[in-house]
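J.: Have a look; sequence and predicted model below, questions after that.
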Protein chains: 2
Amino acid sequence: MSEPDWIPASVRAAGTERALVAGETLFRQGAQTAGLYQVVHGKVRLARFDRAGREAVLHTASDGETIAEASLFSPTYHCEAIATTDATVRLYPKALVMAELQHNPSAANAFMAMLARQIMTLRTSIEQRNIRSACDRVRHYLAVNLAEDRRTVPLAGSLKDLAASLGLTHEALYRTLAQMQSSGEIERSEREIRVLKAI
Amino acid sequence: MSEPDWIPASVRAAGTERALVAGETLFRQGAQTAGLYQVVHGKVRLARFDRAGREAVLHTASDGETIAEASLFSPTYHCEAIATTDATVRLYPKALVMAELQHNPSAANAFMAMLARQIMTLRTSIEQRNIRSACDRVRHYLAVNLAEDRRTVPLAGSLKDLAASLGLTHEALYRTLAQMQSSGEIERSEREIRVLKAI
DNA sequence: CGGCGTTTTGAGAGAGCTCAACATCGGTGG
DNA sequence: CCACCGATGTTGAGCTCTCTCAAAACGCCG
């Protein structure tokens, strides 16, 4: 989604890599911002924790995506970044990125477009979490994440992770998927869900 | 929140105003994007409607705020804009705004910062909608919207509108507020809520 | 005064959460 | 090779909480 095509070679060269093991925290809410991170490979999720200890998954970034873009304009991070799988990330220093955006209009334009896309994606997430019914929430997820064949939805990680992304308990997701499968609405295989009825 | 301090006078002068009555739709999801809107006065909310007809309020813009910024980078609007109160909006043509962002680095910078702020606000909304308990959701809202005195939260519109913004039914909100008041957690007056216990 | 929208309160039902038990599978170490 | 362990996947039962449907008080405005 957020291919960092706008990062020029000069900035790219200044990036420093770091390896993360699954479960490791990259940065915490409130910590000083270091710069812009790009996920080289693996999955890193952005999340917040509420008083009750519940984790709200805000986004999961995969290979090539950048995270913490908004933090370029903030002195501290406003959410937690946690490796969902083993992962490698690359850090681009804040000052360097900001200077590039300041002096390179086309980079700035691409960056703005990327922020705009993120805003749209986030609004879709809000729409999704506004749906109470687990079944309709799953349907919404399927509709939004349909592959180009308009019939299948790839499953990137575990169902448990998906449940967290959907804001459901994993039990509720399991049950809902089982029900949708037995009613003939979907078919499931190892790495994808096939949608049989129009959504 | 989104004071359009980055809109230069030249663009400002090219704006065209339009009056809206409460309930009127400014633009619909899927419609061609005309440009950037600024709410001169009144309240305009961005929302989406799901299959069940439920409205998910994504944002409510007040005096001075801009809406549809992300749509500058999209051919169509991705949500509905509806006047919550009688309102006046000003439209800045897309091409003019884009040209300004292209040639004026400081305007581009301010615009990027505004988009970044919006991303953070949207993430806070997702965090909020991830909270199931009506009481905790209200507490979260109060904590996020505390005035500078750290004790009061202003009530801009009706409680019914607030309920929609919180993603709760109005009945649930009324009940929750009544309960929080009777337990001594808050005090209510016409235009604000006073928080008595630390959140 | 009548009408309309907001604010309240009541009662019932449905749905997801919580707690719990168990199956499955891959990896580890004896 | 097998036992063990942890994480994921699955299913069951009960409970809580919000939603839904209803009804009524209240305030505002023509």
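T.: Sure, I can see it.
J.: what is the orientation angle of the top helix by length along chain A with helix B:105-129?
T.: Looking across chain A with DSSP state H, the single longest helix is helix A:105-129. Computed with axes from the mean of the first three to the mean of the last three C-alpha atoms, to 10 degrees, the direction of helix A:105-129 lies at 20 degrees from that of helix B:105-129.
J.: so does the helix or strand just after helix A:105-129 get close to DNA strand D?
T.: Where DSSP states H and E defines the elements, the next helix or strand beyond helix A:105-129 is helix A:134-144. No: between helix A:134-144 and DNA strand D, judged by C-beta under 7 Å from any atom of the strand, nothing touches; the nearest distance is 10.7 Å. C-beta coordinates here come from the backbone N, C-alpha and C atoms, glycine included.
J.: Helix A:134-144 and chain B in contact?
T.: Yes: Helix A:134-144 reaches chain B (C-beta under 8 Å from any C-beta of the partner chain) through A:136, A:139-140.
J.: Can you tell me which of the residues you listed are buried?
T.: A:136, A:139-140 (16 or more other C-beta atoms under 10 Å in any protein chain shown).
J.: Which of those residues sits closest to DNA strand C?
T.: A:Asp136 (7.3 Å; C-beta to the nearest atom of the strand).
J.: correct me, but that closest one touches B:Asp50?
T.: Yes: checked against C-beta atoms under 8 Å, the pair A:Asp136 and B:Asp50 is within contact range at 7.2 Å.
J.: Just the strands from chain A, written as ranges.
T.: Remark: strands assigned in chain A by DSSP state E are A:16-20, A:25-27, A:35-41, A:44-49, A:55-61, A:66-67, A:80-83, A:87-93, A:152-154, A:186-188, A:192-195.
J.: Now tabulate these in a markdown table and tack on mean neighbour count and mean pLDDT.
T.: Supplementary listing: those in a markdown table, determined by neighbours: other C-beta atoms under 10 Å in any protein chain shown; pLDDT from 0 to 100:
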| stretch | mean neighbour count | mean pLDDT |
| --- | --- | --- |
| strand A:16-20 | 13 | 93 |
| strand A:25-27 | 18 | 95 |
| strand A:35-41 | 21 | 93 |
| strand A:44-49 | 21 | 94 |
| strand A:55-61 | 22 | 95 |
| strand A:66-67 | 24 | 93 |
| strand A:80-83 | 22 | 95 |
| strand A:87-93 | 20 | 94 |
| strand A:152-154 | 16 | 94 |
| strand A:186-188 | 16 | 93 |
| strand A:192-195 | 18 | 93 |
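J.: Out of those, the one nearest DNA strand C is which?
T.: Between these, strand A:55-61 lies closest to DNA strand C; by C-beta to the nearest atom of the strand that is 11.4 Å.
J.: Report the angle between the closest one and strand A:35-41.
T.: 70 degrees.
J.: any residue of strand A:55-61 up close to chain B?
T.: Yes: using C-beta under 8 Å from any C-beta, strand A:55-61 reaches chain B at A:56, A:58.
J.: for that strand, packing partners?
T.: Identification of packing neighbours for strand A:55-61 by 3 or more C-beta pairs under 8 Å, 6 or more residues apart in numbering or on different chains; DSSP states H and E yields strand A:44-49, helix A:105-129, helix A:159-166, helix B:105-129.
J.: distance of A:Leu177 from A:Arg191?
T.: Noted for A:Leu177: a distance of 14 Å to A:Arg191, by C-beta to C-beta, to the nearest Å.
J.: right, and A:Leu196 touches A:Arg188 too?
T.: No: at 11.0 Å, A:Leu196 and A:Arg188 do not qualify as touching, with contact defined as C-beta under 8 Å.
J.: Outline the domain layout of chain A.
T.: What automatic domain parsing lists as the domains of chain A is A:9-129, A:134-195.
J.: The longest one near DNA strand D anywhere?
T.: No: counting by C-beta under 7 Å from any atom of the strand, DNA strand D has no neighbours in domain A:9-129; the shortest distance is 8.3 Å.
J.: Can you name the residues that contact the most centrally placed residue in chain A?
T.: For chain A, the residue lying nearest the average C-alpha position, counting by C-alpha atoms, centre = their mean, turns out to be A:Thr60 (2.4 Å). Counting by C-beta atoms under 8 Å, 6 or more residues apart in numbering or on different chains, A:Thr60 touches A:43-46, A:84, A:156-157, A:161, A:165.
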